[in-house]
Structures are given as C-alpha cells and as structure tokens.
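In: Test case, fold it:
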Amino acid sequence: MSSFMIFVILGVFQTQISQAVDNKLGPSYEKLSWFIHISDVHISSWQDESRQTQLKDFVTNTLGSIKPELVMCGGDLTEAKSSNLQASQDITEWKTYRDIVSSRWENLPWLDIRGNHDNLNVLSRNSSNNYFARFSVMGQKGHLGSYVVPLQARGQKFNFVAVDATWEVGMNYPFNFVGYIDSKQQRILNNITSNLPEEDSVNILFGHYPTSVVQQSDYLRSLISHGLVYLSGHLHDLALFHMHNMYSFHNGNDLELELVDWKNNRKFRVIAVDQGTFSFTDVRFGDWPVVLPTYPKDTSFMMPGKEVYGDYLRNTIRVLVFSDVPITRVTIAVDDGEPVEASQADTGPLYELAWDVTKYATGQHKLSVTALDQNDRSKLFEQQFTLDPSEAEQVDNFLPNFVLRSSFSTLFHVLFLLTLLCNLCTALSLKGLYFCAQTGRLSPKHLTFLRSCAKFCLFRKLFLVCSYNKIFLPLLCFVGYMAVGPWVVGSLIEGHSGAVFAWGVLVNNQLVHSQVPFGYYFIHFAFIHPVIVLVIGHVLDCRNCVLTSSLKSSKVAHVSFLGGLLFVLFVSIYFSITFWLQFGIIGFVLGPLKTWSYIFYAAMFWLAWTVPRDHCQVFNSLFNQQDYEKKTDDVEDILNVNKENNEKGLNGESLQNLL
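Out: So this is what the prediction gives:
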C-alpha cells in the first residue's frame, strides 16, 4: 500500500499541471480531455536519423499544437541493437531519448514504460545495464515496473495504469518476443486495480505487449476489464500484413487497441474522453489537420457496459480539430445532408454544431467532418454512429481478432507439438510400411498400392530415407534430441553463461520460460529440416538410378532440389549468425542446433552418396512393379545367407542391416 501512496503523490503533482491548462478554456470543455499515445519509438544510434529528429519535432511542435494533458509512451524506447543481428543496450541511444523527451512542450506529463528492446541483455531491473532506470522519465522517479498515475482534469478523474510485462531476466535477442508478468508484478497490478475507484473515474491501461503476446494472456485480459481501454504496441504493423487497424474487443466489452509504431510508420494516437465516452484516431506524424469527433462517437467502439450513455441524446455535435496553424473552417454533414459550418468553442480545438437529435435517435447514420487549415490542407473524416447503444455494431475484423484474441504462447506450444509429432509420425509410419513390405506382411493389394505411391517423386525419396537405417535412425534421434536437449551453451545475459532449450532458457541459476524457442523449433523442423531430408532422399534416389539403372530424375528435379537446399541453407545460416553473434565463441562451439547441425547434415549427405548397391537392389525389388529377376535372385541369396548365419549364431551382414 505504501507504493500506492507514492503513486498518489505523483498524481497530485500532475493534477496541478493539468488544472493550470484547464483555466484557459471555457465551460464547453467541462468533462472533455484528450491525451496522446505513442509506442515503439526505437531511438537508434546507427539507423534512420530522421526517427530522432522527427521525434524532437513531435515532442515540441506537435504536442504544442495538440496540447494534450498527458502522453503515454508504450515501450521500445530505444533500438538496443548495433546491427540487424546483434543486440545490446546502448547508453548513447538512452541519452538521446532522455534529451529529446526533456525538451517536450511545457514539460508535459510523460508516462513511459519498458518494452522488450529496453530489456535486451539486462539481467534484472536493478542491473547497471537497465538504462531505463537512469534515462527514462518514469524510471528516474523509481517506477521500474508497473505503476499507476492519477489525474484530475476538467471535472473528470483518470487513473493511468502502466502494465509492465517485460521479463525480470531480460533475455538477449531474439528470445524475449513474448512478455511475462511474474508473480511480483501481478501482486503490484492486483494492488493497483483493487484500489482503483469503481465509480466517477476513468481507468486507462497501457503497456507494451498486446494481451496475446503475454504468456499470462488470460490474466492480463481479466486485468483490463478494470479499465475503459487497453492500449498496446509491440507488433508494429505486423510486418508483411501492414495492418493499421489492430483493434478488438475481449468478452464483448473490453477494448484493446494496438498502435502502429513510430519507428517506421511515424504513427501516434490521439484519444479523448468526452462526458464519459471514449474516442480515438490514429495519426501519421505531419498529417494535418487532425480530426476527432467526440459526440456522437464511432459506433464500432461503443461500450455500453463501461461508458456513460444516460444522457446520450444531446443537441450539439462535438469535434476536436488540431493543426500546427490556425483552422479556417470546419464543416459537418450527417448522412446525405448538406455540410454546415461548425463554430469554435472559445479559443480551443473544440468545434460544435447544433442539430435536431430526434431525427437520428434510431438507426445507423454517417457523420462527415471536413477541416481546412490556414495552409489550405484539408482533411475529411467519416464515421458511422448510432444514438441507441443497443444498435451499436462493434468492430469485428477477422485478422485483428485472431491476432489480439489468441495466445502466442499457446500457438507456439501447438506448433511445436504438431511439428514434433509430424516429424516422428511420418518417419515411423514410413518405416513401418517398409518393414511390412519387407517381411511380406502386406497383402498383394496393399503392396500394389504402395508401389504406385512409390512412383511419386517426393514419396519415393522419403521412402528411400526411411529404408536406410544408417540415415533414418540418426535423423530420428536428431528430431527428438532438439526437442529436449540444449541447442546452445554460451554467454547469454551480461556475460552470464547458460543454455537454450526448446522449452526454456537456463541462465544465472534461473529457468526463464521463454516461448520463442518453441517457435524456432517450428521454423527449423517444419521448413528447413524437411527440405534437407527431401534433398538427402534425392541424393539416395540419384545413387539408386546410377547403381541399378533405374529411371533417372530430370534436370528440372535436380535444379528444384538444389534451389530448395540453397534457400533453406540461406535461412538457416541467417539464424545461425544471430546465435553466433549473441552467444560468443562458446556458443559457436557448443551449438548443437546452429553449428553441429551442419556437420550432421553433411554426414547424412555423405551416407546417402555412399549407399551400397545391395540396398538399392532390395528397395527396387520391393517397390518396383517391373520384373527385376536378377535383383530378386540377389535378395533371395541375401536371405539364404542371413538364415544360415542365424542358424550358426554368426553376426554376418543380414538383409535387416542392409535395410
């Protein structure tokens, strides 16, 4: 409870700042407040200098034009990577971040929190490598984890809850993608939420990780039910998907809004709370004017269970309009009506227009706002609205719902298990079929069907691999070992040695339940390993053709398998370099997955190239419908010799060993 009192003291200081701003505006602004959310800044000492210069412009000129009461900065404050492959905390980046944020407009309240990049290669929150504590705004105030900041502005009470889901032990790149709320942070958050007022206050939660990218996703989703909205970042624009609308509801009433990054997209979010209702718009830096209707609000984001709709039939449309130069004209149109010019409320950014609310009391309608500023820049903003909350149609898009409502931890677990089972079951099933064909346990009908399948290129190559024990058994053991044994042993965090497994990381006498290795296992054994196995089968197939004069593979097949091999080797080597750079020379030497595997695969190729002629003859006799009389005689001779050796108790080479 003492930590909570510290938060209250901090909140009182910020309330005084906010009240000074309140006095400048008239009664139209009563119970109307607006704020800024920004995430994934990624200050870099080597990449894209404009990222820093434009952030400096943002904190001075943009904030000075919008004049929010508070800014929430949702993590990944610095890049913490000296290249695309190697990560470490860079004090120069942190000093740059501190200097830029310190120059912000009127020293505006700035609530920052750690992201996964801010925690790369940081042994603990008390580590000297945790530069967040020294150079961030809230870190310098002692807030190294989750915290709450109360604020009172224009007749409304707010509580801003920062949710820290970064690991206590900050794994190095790339093993801290999934967040983790440990028991200590859960106790802090439980204490915060239990002390939040249930009435007459607006609770806004923000953090770096979306709920789906935290291992305790169910816990976090139960937590955000205490707030009006949860604001997150981390996923940027989902890379190739370029998604700028990752919004979703949990349980039909808990809104989560993921924000596109500042790093590459220069995005930030303006949010407003007007008479207890929440509105927002995502804005690209420098894209003026900014338009945000606060009444009526967008029907897609209505929350009847949390927002106040007791007196929602109001006689005035309200719109916030911002620009870095004076606004010259704002017009508003409803449905297909003629645009009507709105009037500015006092000297602030609010524009109002009286209307006959009874005409739109039911049904879905369209609101169109056009703003023009002194530089002749125009912005058209359109949204659907309803004045009857029971008719609201909440945002419901498949991909954002899948990304934000799922659990990356569960997804990685499922992919890991499916990949492991598919590799083992496929290998053992083909081996079982081969054994049944070899021992005559297949009926003629089933044997004929199996021979037909063996005509198909990929099936035949896999069958060849599974037929040759000197290759089959090592490959089977390799798949199993990588699921349970260490992948790399080396320097993991701040010089502390440890080991990486598929199921977690051991470092500094602690088990870190990192979920990313499950994903790496999936990538290797669902894509890289199967292609290499098929190429090994192709080598066996080629040798089979040479040794037994069977049907030869085409040049297209050779080129295709060679191209596939080169591609997966390129991908594998890329990930290998990441491992080698992060884990040092020891990690390079003691690296079963990313060093020894190349030696292992090379040995498998050599065994495939040196496959005995007798093995190929036996395989062809079992799975070729042509009449191989000589080969059949050879098989019978081998069986007779094997029988005689067994009767004599000798350990001569048998057909079983050949297979």
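In: State the distance from Leu404 to Phe385.
Out: For Leu404, the distance to Phe385 equals 24 Å [CB to CB, to the nearest Å]. For glycine as for every other residue, the C-beta is placed from the backbone atoms N, C-alpha and C.
In: More neighbours: these two, which one.
Out: Leu404 (24 against 20; other CB atoms under 10 Å).
In: surely that one meets Thr211?
Out: Yes. Contact criterion CB atoms under 8 Å: Leu404 and Thr211 qualify, at 6.6 Å.
In: Find residues that contact each of these two.
Out: Common contact partners of Leu404 and Thr211 (CB atoms under 8 Å, 6 or more residues apart in numbering): His250, Glu256.
In: Give me the below-cutoff pLDDT ranges for the stretch 51-200 of the chain.
Out: The stretch 51-200 of the chain contains residues with pLDDT under 70 at 84-85.
In: er, the stretch 251-400 of the chain actually
Out: Across the stretch 251-400 of the chain, nothing is flagged by pLDDT under 70.
In: Compute the number of surrounding residues for the residue nearest to Met243 when sequence neighbours are not counted.
Out: Spatial nearest neighbour of Met243, chain neighbours left out: Asp237 (5.6 Å); criterion: CB to CB, 6 or more residues apart in numbering. Neighbourhood size, Asp237 [other CB under 10 Å]: 19.
In: Tell me where the stretch 51-200 of the chain has helices.
Out: 63-66, 91-102, 132-135, 137-140, 183-194 (DSSP state H, counting those that start in this stretch).
In: for these, which one sits closest to Gly591?
Out: Ranking the helices of the stretch 51-200 of the chain by proximity to Gly591 (CB to CB) places helix 91-102 first, at 29.3 Å.
In: Name the SS class of the residue nearest to the spatial centre of the chain, please.
Out: When the chain is reduced to its mean C-alpha position, the nearest residue by CA atoms, centre = their mean turns out to be Leu235, at 5.0 Å. Here Leu235 is recorded as coil under DSSP: H, G, I helix; E, B strand; the rest coil.
In: Can you give me the buried ones in stretch 334-343?
Out: Within stretch 334-343, the residues that qualify as buried are Val334, Ala342, counting by 16 or more other CB atoms under 10 Å.
In: contacting residues around it?
Out: 317, 319, 329-333, 351-353, 355, 360, 365-368, 370.
In: Could you check how far the nearest residue to Ser217 once chain neighbours are set aside is from Thr316?
Out: Excluding the flanking residues, the one nearest Ser217 by CB to CB, 6+ apart is Ser407, at 4.5 Å. Ser407 sits 44 Å away from Thr316, going by CB to CB.
In: mind checking pLDDT for the residue nearest to the centre of the chain?
Out: Per-residue pLDDT puts Leu235 at 96.
In: List the residues that contact it.
Out: Pro210, Val213, Met246, Glu258, Val403 are the contacts of Leu235 under CB under 8 Å, 6+ apart.
In: again, but for Pro304
Out: Shown in contact with Pro304 (CB under 8 Å, 6+ apart): Asn253, Pro389, Ser390, Ala392.
In: among those residues, which two are most distant?
Out: Maximum distance among the contacts of Pro304 (CB to CB): 13.8 Å, for Asn253 and Ser390.
In: which of those two has more neighbours?
Out: Counting neighbours by other CB under 10 Å for Asn253 and for Ser390 shows that Asn253 has the greater number, 13 against 9.
In: returning to that earlier point: so if I had to pick from Ser407 and Thr316, which one is more boxed in?
Out: Shown here are Ser407 and Thr316; by other CB under 10 Å, Ser407 has more neighbours (20 against 13).
In: so what does the longest helix along the chain touch, helix or strand wise?
Out: Looking across the chain with DSSP state H, the single longest helix is helix 555-589. In terms of contacts (3 or more CB pairs under 8 Å, 6 or more residues apart in numbering; DSSP states H and E), helix 555-589 is packed against strand 488-493, helix 529-548.
In: tell me which residues in stretch 595-605 are buried?
Out: Across stretch 595-605, burial judged by 16+ other CB under 10 Å covers Thr595, Ser597, Tyr601, Met604, Phe605.
In: Report the rounded mean pLDDT for it.
Out: 95.
In: roughly how far out does that stretch sit from the chain middle?
Out: Distance of stretch 595-605 from the chain centroid (CA atoms, centre = their mean, to the nearest Å) equals 32 Å.
In: Reformat the helices and strands packed on helix 555-589 as TSV; add mean pLDDT and mean neighbour count.
Out: Formatted as TSV, those follow (pLDDT from 0 to 100; neighbours: other CB atoms under 10 Å):
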stretch	mean pLDDT	mean neighbour count
strand 488-493	86	22
helix 529-548	90	21
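In: Can you say which of those is nearest to Gly480?
Out: Closest approach to Gly480 among the helices and strands packed on helix 555-589 is made by helix 529-548 (12.3 Å; CB to CB).
In: any idea how far Gly537 is from Val334?
Out: In terms of CB to CB, Gly537 sits 67 Å off from Val334.
In: With Ala371 instead?
Out: Ala371 sits 16 Å away from Val334, going by CB to CB.
In: okay, the helices of the stretch 51-200 of the chain, which one's buried deepest?
Out: Each of the helices of the stretch 51-200 of the chain was assessed for mean neighbour count using mean count of other CB atoms under 10 Å. The highest is helix 132-135, with a mean of 20.
In: Mind giving me the packing neighbours of that helix?
Out: Partner elements for helix 132-135 (3+ CB pairs under 8 Å, 6+ apart): helix 91-102, helix 137-140.
In: Mind putting those into JSON lines with distance to Leu447?
Out: Shown next, in JSON lines, are those (distance: least, CB to CB, whole Å):
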{"stretch": "helix 91-102", "distance to Leu447": "67"}
{"stretch": "helix 137-140", "distance to Leu447": "71"}
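In: What mean pLDDT does the longest helix of the chain get?
Out: Computed over helix 555-589, the average pLDDT equals 87.
In: relative to helix 555-589, how tilted is the helix or strand following it?
Out: Using DSSP states H and E, the helix or strand that follows helix 555-589 in sequence is helix 597-609. Angle, helix 597-609 to helix 555-589, by axes from the mean of the first three to the mean of the last three CA atoms, to 10 degrees: 140 degrees.
In: Cool, thanks, talk later.
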